[in-house]
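Undergrad: Next come a sequence and a model predicted from it.
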Amino acid sequence: MRLTIVGSSGSYPGPDSPASCYLLEADAGGRTWRILLDLGSGALGALHKYADPLAIDAVLLSHLHADHCLDLSGYYVMRKYHPTGHQPRIPVYGPAGTADRMARAYDLPLDPGMHEEFDFREWLGPVEIGPFSIEPIPVLHPVDAFGLRVTADGATVAYSGDTGPCSSLDEVARDADVFLAEASFRVGHANPPDLHLTGADGGAVAARAGVKRLVLTHVPPWHEPADALAEAATTYDGPTELAVCGAVYDL
C-alpha cells in the first residue's frame, strides 16, 4: 500500500497546501486500486500531480465540513462533463446526509443531485473496496465524524479525521503503521472543547496505541507547524513528522 499526501492544511487551504486529502493505492487483480480519504478545498487540482482523478475507485469522507469534502463539487463536474464522456459512478462513503449536503453545495436539486455521478453510501460499518479494508469509527466533533482505519497488503493507515480527544481515537490508531493525526490546536491556548487535537494529544494517542509512525496533519495556516512537532515529542518518542504535500509512504 502506498500513501500520498495530497492536501494537509487545516480549516482552509494554506499557502503551501490544499485542505485535507490523502491518496491510498494498492495493487490487486492485475491493476492498481486508488481511494481518497477526504477531498477538501483545493485538493482536486493538486490530485492531478499524483494520479489521474478519473482513475479513483472511491472517495471516503470523514465528515462534511468544507475543508474535508467540498472539492467533491468540482469532481462532480469533471466526471459529468469530461470530454471522454460521462464517467461511471463510483462509491462515495460518508455520514448520513452526504448526498444532500453535496447537492446543496453546488446548488443542485436534491433529485438527481450528484447521484448520477456518485453512488453515495452511509458509514454503517466496515467496507471492502478492492484490496482495501476500511473501518469507520465515530469520533468527537460538532458534526457526525469518523476516524478511518484502512488496511491493505498487511499494513494499516489510521486517519483521525477531525476530532477532539476521545477514547475511540485509540481504536482508530491501534497498531497502525502510519497514524495521520490532526493537530489543529496548541497546548496552553483557550481551545474549545470536543473539537480538535493538539500535537501533544496526537502523540499521547500514538504512544498508547502502539503506532509505528506519527504524521501530524491539519495544521491551520495561522499556526507554526513546528510547534505541533515539539508538542508531540513530549508525549511520543517514536518517528514523528509533519504531513507535507507530495510526501509518499510505501507500506
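TA: Thanks, I have it.
Undergrad: Where do the strands of the chain begin and end?
TA: 2-7, 21-28, 31-37, 58-60, 90-94, 118-122, 127-129, 132-138, 146-152, 155-159, 178-182, 214-217, 240-242, 248-250 (DSSP state E).
Undergrad: so how far is the fourth one from its chain's centroid?
TA: Think strand 58-60. 10 Å (Cα atoms, centre = their mean, to the nearest Å).
Undergrad: and if you look at the longest one?
TA: The chain centroid and the centroid of strand 21-28 are separated by 12 Å under Cα atoms, centre = their mean.
Undergrad: Tell me where the model's unsure across this structure.
TA: For the chain, no stretch is flagged by pLDDT under 70.
Undergrad: on that earlier part again, deepest in the core, which of the strands of the chain is it.
TA: Comparing the strands of the chain by mean neighbour count (mean count of other Cβ atoms under 10 Å), strand 178-182 comes out on top with a mean of 29. In short, each C-beta sits where N, CA and C put it, glycine included.
Undergrad: what's the angle between it and strand 21-28?
TA: Angle, strand 178-182 to strand 21-28, by axes from the mean of the first three to the mean of the last three Cα atoms, to 10 degrees: 160 degrees.
Undergrad: Now do strand 178-182 against strand 31-37, angle only.
TA: 30 degrees.
Undergrad: tilt between strand 178-182 and strand 155-159?
TA: 0 degrees.
Undergrad: got the contact list for Cys245?
TA: 5-8, 16-18, 46 (Cβ atoms under 8 Å, 6 or more residues apart in numbering).
Undergrad: Quickly note the distance from it to Leu23.
TA: 11 Å (Cβ to Cβ, to the nearest Å).
Undergrad: and if you look at His189?
TA: 32 Å.
Undergrad: Give me the common contacts of Cys245 and Leu23.
TA: Val6.
Undergrad: beta partners of Asp119?
TA: Pro91 (DSSP bridges).
Undergrad: ok, it touching Ile90?
TA: Yes - using Cβ atoms under 8 Å, Asp119 is in contact with Ile90, at 6.6 Å.
Undergrad: chain center to stretch 224-244: distance?
TA: Counting by Cα atoms, centre = their mean, stretch 224-244 comes out at 19 Å from the chain centroid.
Undergrad: Alright, I will stop here.
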